[in-house]
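K.L.:
structure here, sequence nowhere to be found:
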């Protein structure tokens, strides 16, 4: 498991219980694997709040655009805590 994702899961043990994507840098996945479909379609990154002041951010580049945004293929370029 990616070290940043692992750290985010530790932080969430203190109250923010939710599922976050278990992805690695370099993974090519559907945008649905990164984005929950809520709000505006992300173009370069998507973040999940994991505590009162921390977020985990998944940065990506679009590999293949699909008519259904959730089916668009992206490559994970970075995973960071904000």
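P.N.:
Perfect, thanks for sending it. What you are looking at is a predicted structure, and each value in this text was computed from that prediction instead of being measured.
K.L.:
who touches the residue nearest to residue 5 when sequence neighbours are not counted in this structure?
P.N.:
Ranked by Cβ to Cβ, 6 or more residues apart in numbering and with sequence neighbours excluded, the top spatial neighbour of residue 5 is residue 22, at 5.7 Å. No exception for glycine: its C-beta is placed from N, CA and C like everyone else's. Contacts for residue 22 were tallied using Cβ atoms under 8 Å, 6 or more residues apart in numbering; they are 1-2, 5.
K.L.:
which of the residues you listed count as buried?
P.N.:
Among those, those classed as buried by 16 or more other Cβ atoms under 10 Å are 2, 5.
K.L.:
in strands only, show me the contacts of residue 22.
P.N.:
Of the contacts of residue 22, none are assigned to strands by DSSP state E.
K.L.:
let me have the contacts of residue 22 in a markdown table, adding distance to residue 26 and pLDDT as columns.
P.N.:
Below are those laid out as a markdown table (distance: Cβ to Cβ, whole Å; pLDDT from 0 to 100):
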| residue | distance to residue 26 | pLDDT |
| --- | --- | --- |
| 1 | 14 | 80 |
| 2 | 10 | 93 |
| 5 | 14 | 96 |
